[in-house]
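Student: generate coordinates for the sequence data below:
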Amino acid sequence: MRSTCLKGPNDRILQSYKWDINNNKQISAMWNVESTVDIPIVVSVNGLLMKSFDQHLKKLSLGCWMKCRIQKAVVLETARIVRRFLTLEP
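Tutor: Next up, the predicted model:
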């Protein structure tokens, strides 16, 4: 198991993430491949991204346009959750 600390602008959600080696073995067995590579795609609830996010998108052959779509989807979902919470009747 490995862990990495990320420094973001006052966002504790992105401070750490962990990858489990057993997941790699399970995925390799499921897809009948020799090895797998972890590519972290981490987005905080306010849309902040890791500094290496663009590099990871390039590894997946996804353009930078995907970055904006991912951020937009996360921020809209966060707004929806907050809106539902604020409209709850006590």
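
Student: which strands and helices lie in contact with the top helix by length along the chain?
Tutor: With secondary structure taken from DSSP state H, the chain has its longest helix at helix 65-86. Helices and strands touching helix 65-86, by 3 or more C-beta pairs under 8 Å, 6 or more residues apart in numbering; DSSP states H and E, are helix 53-59. Bear in mind the C-beta positions are built from the backbone N, C-alpha and C, glycine included.

Student: now the helix it packs on - C-alpha only, CSV.
Tutor: Taking Å, rounded to 0.1, in the frame of the first residue of the first chain, the C-alpha atoms of helix 53-59 are listed here in CSV:
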residue,chain,number,x,y,z
PHE,A,53,-4.4,15.9,-13.4
ASP,A,54,-3.5,17.0,-17.0
GLN,A,55,-0.7,14.4,-17.2
HIS,A,56,-3.1,11.7,-16.1
LEU,A,57,-5.7,12.7,-18.7
LYS,A,58,-3.0,12.5,-21.4
LYS,A,59,-2.2,8.9,-20.2
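
Student: contacts for that helix, please.
Tutor: Contacts to helix 53-59, defined as C-beta atoms under 8 Å, 6 or more residues apart in numbering, come from residues 37, 39-42, 50, 63-64, 66-67.
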